[in-house]
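**Student:** here is the input, now give the coordinates:
(one chain, ligands or ions: 1)
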Amino acid sequence: MLYDTVILGGGPAGLSAAVYALRSGLKTVVVERGLFGGQMQNTEEIENYTGFTSILGPELSERMREHAEHFGLETVLGEVQGLDFGNRVHQVRLSDDRILEAKTIIIATGCEPKKLGVPGEKEFAGRGVSYCAICDGAFFKDKELYVVGGGDSACEEGVYLTKHARKVTIVHRRDKLRAQPILQERARNNERISFLFNRRLVEIQGERKVERLVLENTVTGERETVPADGVFIYIGLKPNTEFLQGTPLVNGDGWIPTDEMLRTPVPGVFAAGDVRDTWLRQVITAAADGAIAAMAAYRYLEENGR
Ligand code: NAP
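**Tutor:** Below you'll find the predicted structure:
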């Protein structure tokens, strides 16, 4: 099947690209491996998507999917294995050996939480170690939790966890938070939250589930072991670009650099949203990227003869 555009990823970038591509009359398909909405699905409340003072992440996901469906969205459920770039037609290889042919490709596969890589992290994943407060917070009613990180996610999700937990301690490796002031303030004003600065989590211990954390003071090197029922890790993001390894599309960290029309070095291949090498990763910037990438793809097709 030959498409005008194959969009990889059904988050806000991919779904917005689909709306613009479909309204421009492009034969379009979105490939998604799981739930539509991407990271919005793991976000409780979104209050910085213009037009909605507050909306739940899963609800905005659903609205975006319905919006694209309204214009005739076609979807394929599957995992992208690799891309083969051709002269005029590219191929998208899926893990079940299906191949989609595409005159243009919009990569909008987003990113996912980084892992700390400390002993016990893998072993206790799902048994006290989590990367998603919305998904797992309710399992920790009246428990004592730790959050690792000093960014927006650590502060925001730390506050969310106090809905369930008795006490939440945010552990940060420096003495200054990176989070936006409004999110820092909410965390600081929450009486169930306390902070441990200049600390690094070096080991997660327990029998069948998380019971203790070993923390190291980044200034003195001293270690202490604290009791914990769970730990939520929010230390940043890594791009979902494994299928692009070895291509000229990704930089050393796996992000995709683009120009202002969201073009990659491969003609007809564009990138949009969190997967791009960009400094602000928000639902609204991802959605805007989707629009730009789709219109750039449309213009490319017009110039190169559809
Ligand atoms: P982030 O902004 O990259 O922050 C990661 C934090 O983890 C930093 O404080 C960093 O410390 C720390 N860290 C990194 N590697 C570490 C390690 N190995 N050990 C210990 N600590 C480590 O990531 P994020 O908070 O997940 O946010 C990701 C993106 O989503 C950002 O662009 C953010 O603005 C956005 N976001 C926005 C909102 C919102 O607008 N409401 C909410 C959530 C996320 P240092 O500070 O020392 O580098």
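
**Student:** what residue in this structure comes nearest to the ligand?
**Tutor:** Of all residues in the chain, Gly151 sits closest to the ligand, at 2.5 Å by Cβ to the nearest ligand atom. C-beta here means a position set from N, CA and C on the backbone, and glycine is covered the same way.

**Student:** how about that residue, nearest residue that isn't a chain neighbour?
**Tutor:** Nearest residue to Gly151, sequence neighbours excluded (Cβ to Cβ, 6 or more residues apart in numbering): Arg178, at 4.7 Å.

**Student:** correct me, but the residue of the chain closest to the ligand touches Leu237?
**Tutor:** No. Judged on Cβ atoms under 8 Å, Gly151 makes no contact with Leu237 at a distance of 9.6 Å.

**Student:** is stretch 38-58 anywhere near the ligand?
**Tutor:** Yes. Using Cβ under 6 Å from any ligand atom as the criterion, contacts between stretch 38-58 and the ligand involve Asn48.

**Student:** CA atoms of that stretch as PDB?
**Tutor:** Output in PDB follows, covering the C-alpha atoms of stretch 38-58 (Å, rounded to 0.1, in the frame of the first residue of the first chain):
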ATOM      1  CA  GLY A  38       1.600   9.100  23.900                       C
ATOM      2  CA  GLN A  39       2.900  10.500  27.200                       C
ATOM      3  CA  MET A  40      -0.400  12.400  27.700                       C
ATOM      4  CA  GLN A  41      -1.800   9.000  28.700                       C
ATOM      5  CA  ASN A  42       0.500   9.000  31.700                       C
ATOM      6  CA  THR A  43      -0.300  12.600  32.700                       C
ATOM      7  CA  GLU A  44      -3.100  13.300  35.100                       C
ATOM      8  CA  GLU A  45      -3.900  16.900  34.500                       C
ATOM      9  CA  ILE A  46      -2.800  19.200  31.600                       C
ATOM     10  CA  GLU A  47      -3.300  22.900  32.400                       C
ATOM     11  CA  ASN A  48      -1.100  24.500  29.800                       C
ATOM     12  CA  TYR A  49      -2.800  23.400  26.500                       C
ATOM     13  CA  THR A  50      -4.400  26.600  25.400                       C
ATOM     14  CA  GLY A  51      -8.200  26.500  25.400                       C
ATOM     15  CA  PHE A  52      -8.400  24.000  28.300                       C
ATOM     16  CA  THR A  53      -7.900  25.500  31.800                       C
ATOM     17  CA  SER A  54      -7.500  21.900  32.900                       C
ATOM     18  CA  ILE A  55      -8.100  18.600  31.100                       C
ATOM     19  CA  LEU A  56      -7.100  15.100  31.900                       C
ATOM     20  CA  GLY A  57      -4.300  13.600  29.800                       C
ATOM     21  CA  PRO A  58      -6.300  10.500  28.700                       C
END
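
**Student:** how many neighbouring residues does the residue nearest to Gly151 have?
**Tutor:** 14 (other Cβ atoms under 10 Å).

**Student:** isn't it right next to Gly150, touching?
**Tutor:** Yes. Contact criterion Cβ under 8 Å: Arg178 and Gly150 qualify, at 4.9 Å.

**Student:** ok, and for stretch 215-226, which residues are buried?
**Tutor:** Leu215, Glu216 (16 or more other Cβ atoms under 10 Å).

**Student:** now do the helices in this structure.
**Tutor:** Using DSSP state H, the helices found in the chain span residues 12-23, 57-70, 133-136, 152-161, 181-188, 283-304.

**Student:** in CSV, list the ones you listed along with mean neighbour count.
**Tutor:** Shown next, in CSV, are the helices of the chain (neighbours: other Cβ atoms under 10 Å):
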stretch, mean neighbour count
helix 12-23, 28
helix 57-70, 18
helix 133-136, 18
helix 152-161, 24
helix 181-188, 15
helix 283-304, 21
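
**Student:** those: lowest mean pLDDT?
**Tutor:** Lowest mean pLDDT of the helices of the chain: helix 133-136, a mean of 87.

**Student:** show me what that one is packed up against.
**Tutor:** Helix 133-136 is packed against helix 152-161, strand 230-233, with contacts defined by 3 or more Cβ pairs under 8 Å, 6 or more residues apart in numbering; DSSP states H and E.

**Student:** any idea how far Thr109 is from Lys279?
**Tutor:** One thing to correct before we go on: residue 279 is Trp, not Lys. Look at Trp279 and Thr109: by Cβ to Cβ, to the nearest Å, they are 19 Å apart.

**Student:** looking at the two, which is more packed in?
**Tutor:** Per other Cβ under 10 Å, whichever of Trp279 and Thr109 has more neighbours is Thr109, with 29 against 6.

**Student:** isn't that one up against Thr241?
**Tutor:** Yes. Between Thr109 and Thr241 there is a contact under Cβ under 8 Å: 6.7 Å.

**Student:** near the ligand, which residues of the stretch 201-306 of the chain?
**Tutor:** Taking Cβ under 6 Å from any ligand atom as the measure of proximity, the stretch 201-306 of the chain contacts the ligand at Tyr234, Ile235, Gly236, Leu237, Arg281, Gln282.

**Student:** having no further points to raise, I will conclude here.
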